[in-house]
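[1] Sequence plus predicted model, see below.
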Amino acid sequence: MCTLAGGLMSPAQAAPAAEQSSLQVTMGTVRQQAVAPERAAAAVPCERGKAIYSRFESCTVVAAKVDVLKNGRPVGHATFDITHKMALKRKALKWSESIKISAAHLEGTARGIKVGLSVKCGGKCKATNKFPRGRSLGPAISGKVNYLDKVAKRKKDSTSSKYVYTFTKAGYTPGGFNYRTVPFRCDDTFWSGSSRLMKAGCVFHTYIPVMTSMRTLPDIAQNIRNVQAGGGHYGRIGSGKPLHREADKAKAKKNRDKVCPPRQTPPRPGLSCDEYPFASTREGGHNVPANSRGTAWVPEDQQDAQGGRIQGFHKQERVVDRDAYWVQV
């Protein structure tokens with residue numbers, strides 16, 4: 001707030017109104033958008049007004065404006081973009097994020113606006129803010145945030161980062177805004193008995209990954225295509241519903257035994273019963289209608305390879321219990 005306008009006042013004079021000086025800050029809307037499956041292996045693109053993400057990467061671009069106001073009237077403004085790039089680690093609980101405020105377009109009395117940023121993440125996650133302090137809008141400003149999650153053994157920890165921006169200018173009431181990132185999850189759940197199968201790591205868990213490793217198992221791939229063509233189209237991208245991992249091995253065995261009884265005899269030696277949806281999903285067994293499941297006799301070598309590929313996919317994408325995924329053949 002500025003000082004009172006005018007000089008000394010006589011008793012008969014009324015005091016002039018104090019001049020109101022403030023900063024009004026606005027940010028554009030940001031829409032979360034998952035990367036298309038066919039682009040999941042490429043670098044995540046950055047687009048203004050979007051938070052684009054894959055299983056392990058995200059890029060968020062926020063458009064922002066600071067209006068300099070005198071008695072409610074704009075006398076200047078600054079416009080700029082804020083870009084966040086975050087890359088999670090598949091087998092580590094430490095990662096970092098780069099944050100850049102673009103070169104600002106300044107008009108009128110917009111010079112001298114300083115920006116402050118605080119960053120927090122919930123759960124067991126800790127954010128260490130390395131973004132520069134006390135910088136004024138104008139030239140681009142770049143910095144980073146370091147993260148550490150301390151998820152417990154056999155547990156998972158889901159959270160997101162919250163950014164709080166404050167803009168100040170000498171003699172003006174400050175302004176600001178806040179927003180959150182795409183949510184992420186860290187876990188240490190890949191264990192078998194007392195043996196850890198994979199180190200703890202993190203993903204953007206709302207991204208639904210795609211299994212493609214069944215394509216080169218021709219008989220199994222054909223069975224999947226046949227089943228996906230009917231019923232609820234489980235696992236088929238676009239027109240179906242995703243599958244969800246069932247991590248309980250006992251439940252997975254029950255699922256398989258219901259559709260592929262262990263005592264049934266194959267039509268000829270060297271064949272094995274293949275089921276879809278997979279027994280290791282919550283849709284396996286009789287958990288979906290009869291028109292949404294199916295079995296086929298396939299060569300044993302394909303059946304043997306299938307189990308390893310499913311487990312490998314779970315590890316590669318950190319697909320934990322109840323996580324959704326697609327199957328593309």
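    Great, that's in hand.

[2] Give me the domain ranges for the chain.
    21-187, 208-327 (automatic domain parsing).

[3] Same list, those domains, but as TSV with mean pLDDT and distance to residue 201 please.
    In this view, the C-beta of every residue, glycine as well, is placed from N, C-alpha and C. As requested, the domains of the chain are exported to TSV (pLDDT from 0 to 100; distance: least, CB to CB, whole Å):
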stretch	mean pLDDT	distance to residue 201
domain 21-187	96	5
domain 208-327	97	6
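
[4] Spit out the contact partners of the nearest residue to residue 246 once chain neighbours are set aside.
    Using CB to CB, 6 or more residues apart in numbering and skipping the chain neighbours, the partner closest in space to residue 246 is residue 282 (4.9 Å). Neighbour list for residue 282: 243, 244, 245, 246, 322 [criterion: CB atoms under 8 Å, 6 or more residues apart in numbering].

[5] next one: residue 167
    Residue 167 sits in contact with 23, 25, 66, 113, 114, 115, 116, 137, 174, 175, 176, where contact means CB under 8 Å, 6+ apart.

[6] Look up how far residue 73 lies from it.
    18 Å (CB to CB, to the nearest Å).

[7] for residue 257, same thing?
    76 Å.

[8] So for those two, which sits in the more crowded spot?
    residue 257 (13 against 9; other CB atoms under 10 Å).

[9] Please identify the helix or strand for the closest residue to that one other than its chain neighbours.
    Of all residues not flanking residue 257 in the chain, residue 285 sits nearest, at 8.0 Å (CB to CB, 6+ apart). Here residue 285 is covered by no helix or strand, with elements defined by DSSP states H and E.

[10] again with residue 220
    Using DSSP H and E, residue 220 falls in helix 218-228.

[11] Could you pull up phi and psi at the residue nearest to residue 246?
    Main-chain torsions, residue 282, degrees, to the nearest 10: phi -70, psi -10.

[12] Could you check how far it is from residue 125?
    Relative to residue 125, and taking CB to CB, residue 282 is found at 28 Å.

[13] picking that back up, what about burial for the contacts of residue 167, which qualify?
    23, 25, 66, 113, 115, 137, 175, 176 (16 or more other CB atoms under 10 Å).

[14] which ones among the residues you listed are found in strands?
    23, 25, 66, 115, 175, 176 (DSSP state E).

[15] And the residue most central in space within the chain, how close does it get to residue 96?
    By CA atoms, centre = their mean, the chain has its centre lying nearest to residue 204, at 3.4 Å. Applying CB to CB, the value for residue 204 to residue 96 is 15 Å.

[16] Please enumerate the strands of the stretch 151-300 of the chain.
    156-159, 161-168, 175-180, 184-187, 191-192, 195-196, 201-203, 210-211, 243-244, 271-276, 294-299 (DSSP state E, counting those that start in this stretch).

[17] What angle do strand 175-180 and the second one make with each other?
    Following axes from the mean of the first three to the mean of the last three CA atoms, to 10 degrees, one obtains 170 degrees for the angle between strand 161-168 and strand 175-180.

[18] tell me the contacts of the residue nearest to residue 257?
    Contacts of residue 285 by CB under 8 Å, 6+ apart are 254, 255, 256, 257, 258, 259, 279.

[19] Near the first one, how many other residues are there?
    The burial count assigned to residue 254 is 15, neighbours taken as other CB under 10 Å.

[20] What residue, apart from its backbone neighbours, is nearest it spatially?
    Residue 254 sits nearest to residue 285 (CB to CB, 6+ apart), 6.4 Å away.

[21] now residue 129
    residue 119 is the one closest to residue 129 (CB to CB, 6+ apart), at 4.8 Å.

[22] One more: residue 61?
    residue 48 (4.6 Å).

[23] Tell me, how many residues neighbour that neighbour?
    Residue 48: 12 neighbours (other CB under 10 Å).

[24] now swap in the one 4 residues further on and tell me
    In terms of burial, residue 52 registers 20 neighbours under the definition other CB under 10 Å.

[25] Make sure residue 312 is indeed in a helix.
    Yes. Residue 312: assigned to a helix according to DSSP: H, G, I helix; E, B strand; the rest coil.

[26] In space, what's closest to it - neighbours in sequence excluded?
    In space, residue 312 is closest to residue 213, 7.1 Å off (CB to CB, 6+ apart).

[27] quick revisit: distance to residue 43 for the contacts of residue 285 - can I get that in TSV?
    Converted to TSV, these look like this (distance: CB to CB, whole Å):
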residue	distance to residue 43
254	42
255	38
256	39
257	44
258	43
259	41
279	36
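
[28] on that earlier part again, if I look at the residue nearest to residue 254, how far off is residue 306?
    Residue 285 sits 17 Å away from residue 306, going by CB to CB.

[29] now residue 115
    Taking CB to CB, one finds residue 115 at 54 Å from residue 306.
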